[in-house]
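Colleague: I'd like to go over a predicted model; first the sequence, then the structure.
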Amino acid sequence: MTFWSSAFGGHFDRRLWVLFVGRIISATGFSIVMPFLSIYFHSSLGISMTSIGLVFLISSVAGAMGQLIGGEIADRFGRRNVMIASMGSRAMVFVLISVVIASTGSFLLIALLVVCSNILGSLFEPASNAMVADLCEPSRRLEAYGLLRIGQNLGWTMGPLLGGLLAIMGYSSLFLLTAMTSAIVAFIILFMVSESIRSSFRRNDYSVSDLLGIRKDRNFAAFCFISVLLFLVVAQMSSVYSVYSQSVVGIHVYEVGYLYAINGIMVVFLQMPVARFIARYRMTTAIAWGAVLYAIGYFAVAFSYDFFTLAICMVVISMGEIVTSPSSMNLVANMSPENERGRYMGVFGLFQSFGWSMGPFVGGVFMDAFVKVPYLLWGGISMFALASAVGYLALRKQMPEEKDRVGMKPVKT
């Protein structure tokens, strides 16, 4: 940790570095299975892409509600307890998925367990993101969220490479290894992370009217709705992009792992320099340009014909991710009062999950309908990213500048 602290400017709270290591481990386990789950359903079980998209839709809608619940209970019971419960219970579900694949191979049962896994995993994110906001001064949050992105993508670099090799041995082994990584993260947080939220800021009550009252923050509500369009496009990476690369372009399954490794490597080496560069701009502007990069990268997939051209597309897509991801979380942290950080993170996670849920379904419908006309397939998907870019630029005119930049003053409660 001392090396990483020195390399990235350091002086973060020790708990943030523990979360960084936890992100590496959990992302490694999660990315071992996710890029290959659609391939398993489609190639091994013969399930249509529309049906696969429907599973991801249901899973992510359920996970979206988990984000909302996770944010609420993180404000009431603490960030640490929620993260431990999330990772520990998710580990057990992954073990069950491994057993089902090795025995019956039932699509419906696997799909049900995937939904359960997504609900449990979604509890983790708002608690983790709220803890980052608790631990970091406003001027350091963009770099802090960028650091967690580096940890996550270190995992995404290693996971698909391992998954591509282990998939040859059997998909059951992938989920078993993912269960182990989730359990490890739960133990790390249990023994190495103390609570970050101050007792005086914990909310002891809950009402639906309080939760619905967040809609009065019109800029935040608009940001959430616009972000659904962007995350619909982001979700293509773990669904249609991998299937299209393997079944249409014709690359091998292990080469799909290499494409995801490119994404991870880029984030590891470029996330912090890019975060420091875009810190001089307003966040809405940065996110809009990131959305444009997503649109360009995915539309270029229509022109791809081998691994090399797909890799070029992945480079552009990854740049979009590097710009938009930490900027989005920083903007949410800027807009949220201290005693409602979990709630704001949970609500944003709810809309983020809706985008993720609609992504595989919309992408699956597009692929089933236009797989022989790739310009319509990827052009249609890219239009959602361009629409979000227009929305972010419109929001920029309404957003107070002090909330739209790095280092704003904390929101008064």
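Modeller: All right, it came through fine. Predicted model only: the values in this text are computed from it and were never measured.
Colleague: drop to CA atoms for contacts and neighbour counts, all remaining ones
Modeller: Will do.
Colleague: Going by contacts, tell me the helices and strands next to the helix or strand that Gln67 is a member of.
Modeller: When secondary structure is defined by DSSP states H and E, Gln67 falls within helix 49-77. With contacts defined as 3 or more CA pairs under 8 Å, 6 or more residues apart in numbering; DSSP states H and E, the packing partners of helix 49-77 are helix 79-102, helix 107-122, helix 124-135, helix 341-370.
Colleague: buried sites along it?
Modeller: For helix 49-77, the neighbour count (16 or more other CA atoms under 10 Å) marks 49-77 as buried.
Colleague: now swap in stretch 358-369 and tell me
Modeller: Within stretch 358-369, the residues that count as buried by 16+ other CA under 10 Å are Met358, Gly359, Pro360, Phe361, Val362, Gly363, Gly364, Val365, Phe366, Met367.
Colleague: can you tell me how far the third one sits from Asp368?
Modeller: The reference is to Pro360. 12 Å (CA to CA, to the nearest Å).
Colleague: same question, the fourth one
Modeller: To Asp368, Phe361 is 11 Å away according to CA to CA.
Colleague: Now for those two: what residues contact both?
Modeller: By CA atoms under 8 Å, 6 or more residues apart in numbering, Phe361 and Asp368 have these common neighbours: Thr50.
Colleague: tell me the SS of Arg280?
Modeller: Here Arg280 is coil, with the state taken from DSSP: H, G, I helix; E, B strand; the rest coil.
Colleague: Lowest mean pLDDT among the helices and strands, pick that one out for the chain.
Modeller: Lowest mean confidence among the helices and strands of the chain (mean pLDDT, DSSP states H and E): helix 2-7, at a mean of 46.
Colleague: Sketch out the low-pLDDT regions of the stretch 301-413 of the chain for me.
Modeller: 407-413 (pLDDT under 70).
Colleague: quick one, helices of it?
Modeller: Using DSSP state H, counting those that start in this stretch, the helices assigned to the stretch 301-413 of the chain run over residues 307-335, 341-370, 374-398.
Colleague: Just the closest of the buried residues of stretch 358-369 to Ala387, please.
Modeller: Using CA to CA, Gly359 comes nearest to Ala387 of the buried residues of stretch 358-369, at 14.7 Å.
Colleague: OK, contacts around the closest one?
Modeller: Taking CA under 8 Å, 6+ apart as the definition, contacts of Gly359 comprise Gly53, Leu57, Phe231, Leu232, Val233, Val234, Ala235, Gln236.
Colleague: what's the helix or strand for the fourth one?
Modeller: Put plainly, it is Leu232. Counting by DSSP H and E, Leu232 is part of helix 218-234.
Colleague: buried sites along whichever helix or strand comes after that helix?
Modeller: Per DSSP H and E, helix 218-234 leads on to helix 240-244 as the next helix or strand towards the C-terminus. Neighbour counts over helix 240-244 (16+ other CA under 10 Å) mark Val240, Tyr241, Ser242, Val243, Tyr244 as buried.
Colleague: Pull up the gap between Phe351 and Gln152, please.
Modeller: Here the criterion is CA to CA. By it, Phe351 lies 21 Å from Gln152.
Colleague: Could you report the separation of Phe307 from Tyr258?
Modeller: Counting by CA to CA, the gap from Phe307 to Tyr258 is 9 Å.
Colleague: and the angle from the helix or strand hosting Glu255 to helix 307-335?
Modeller: Using DSSP H and E, the secondary-structure element containing Glu255 is helix 253-278. Per axes from the mean of the first three to the mean of the last three CA atoms, to 10 degrees, the angle that helix 253-278 makes with helix 307-335 is 40 degrees.
Colleague: Downstream of helix 253-278, the next helix or strand is which one?
Modeller: Proceeding C-terminally, helix 253-278 gives way to helix 283-300 as the next helix or strand, assigned by DSSP H and E.
Colleague: Alpha carbons only: can I get that following helix in CSV?
Modeller: Output for helix 283-300, consisting of C-alpha atoms alone and laid out as CSV, is shown next (Å, rounded to 0.1, in the frame of the first residue of the first chain):
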residue,chain,number,x,y,z
MET,A,283,-18.0,17.5,-14.3
THR,A,284,-21.1,17.6,-16.6
THR,A,285,-18.8,18.7,-19.5
ALA,A,286,-16.4,15.8,-18.8
ILE,A,287,-19.2,13.2,-18.6
ALA,A,288,-20.7,14.5,-21.9
TRP,A,289,-17.4,14.1,-23.7
GLY,A,290,-17.0,10.6,-22.2
ALA,A,291,-20.5,9.7,-23.5
VAL,A,292,-19.4,10.8,-27.0
LEU,A,293,-16.4,8.5,-26.8
TYR,A,294,-18.7,5.6,-25.9
ALA,A,295,-20.8,6.4,-29.0
ILE,A,296,-17.8,6.4,-31.2
GLY,A,297,-16.3,3.3,-29.8
TYR,A,298,-19.5,1.2,-30.0
PHE,A,299,-20.4,2.4,-33.5
ALA,A,300,-16.9,1.4,-34.7
